[in-house]
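*Asks:* need the 3D shape of this:
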Amino acid sequence: MTGIGQTSSGLSAIGPQLLTSFVNSVEHNPFFLLTFIIPVVLIFLTSAVVKVKRRSTRIDGPPTLEQKKEKFIIPRDFFTVESEKVIADDFHHFLDPMEKEFHHLREYDEYFRVLLKRFNKYEAMSHSTRKKKKQRGNDGRKETFNEILNLYNRLRKAKNQIVEFEQEDEGIL
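*Replies:* Just a heads-up that it's a prediction; the model follows:
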């Protein structure tokens, strides 16, 4: 009993049969050769590219003596200076500028109260029956109102500014 593809001579006849069937397929349909060759060529090309890339990329070796002796200089920028302050628990470095800012805000509040008092005084003068006093009240009221607007603009700028620490003292800028 012989199996499929076996002759009386055994398995040695399979190779020539496959070769002849491949040649017959190529003769009848030449594009069949392309469907076989393209994947094989792509495999060879990608393996060649991988070999070339593997040669060009080298793993970094251990450091040389010059590299070991070279000191790494940490730049003195804002982050390193601030991190040193945090590590050293120097909270006053942060609290002192904040206190100054709040002090300025308190001064704005006090100055606003003075201006408001002055504005109310000139407002009352502007309702006077005497002409000279009324004119002086109107002029003072306008000047005081302009000062209040200037103070308010300064307050808005101070409110929108980022808290900047005194970097000039530390020599960063």
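
*Asks:* where do the domain boundaries of this structure fall?
*Replies:* Using automatic domain parsing, the domain parsing of the chain gives 11-56, 90-168.

*Asks:* go through those and pick out the most buried.
*Replies:* Compared across those, domain 90-168 shows the largest average neighbour count, a mean of 13 (mean count of other C-beta atoms under 10 Å). Using the backbone N, CA and C atoms, a C-beta is placed for each residue, glycine as well.

*Asks:* quick one: list the elements packing against the helix or strand harbouring residue 150.
*Replies:* Taking DSSP states H and E as the definition, residue 150 sits inside helix 131-160. Judged by 3 or more C-beta pairs under 8 Å, 6 or more residues apart in numbering; DSSP states H and E, the packing partners of helix 131-160 are helix 92-126.

*Asks:* now do the same for the residue positioned nearest the centre of the chain: its pLDDT.
*Replies:* The centroid of the chain falls nearest to residue 79 when counting by C-alpha atoms, centre = their mean (14.9 Å). The predicted structure scores residue 79 at 79 on the pLDDT scale.

*Asks:* now for the helix or strand where residue 81 lies, which elements pack on it?
*Replies:* Per DSSP H and E, residue 81 falls inside helix 78-87. Using 3+ C-beta pairs under 8 Å, 6+ apart as the contact criterion, no helix or strand is in contact with helix 78-87.

*Asks:* what angle sits between it and helix 92-126?
*Replies:* Orientation of helix 78-87 against helix 92-126 (axes from the mean of the first three to the mean of the last three C-alpha atoms, to 10 degrees) gives an angle of 100 degrees.
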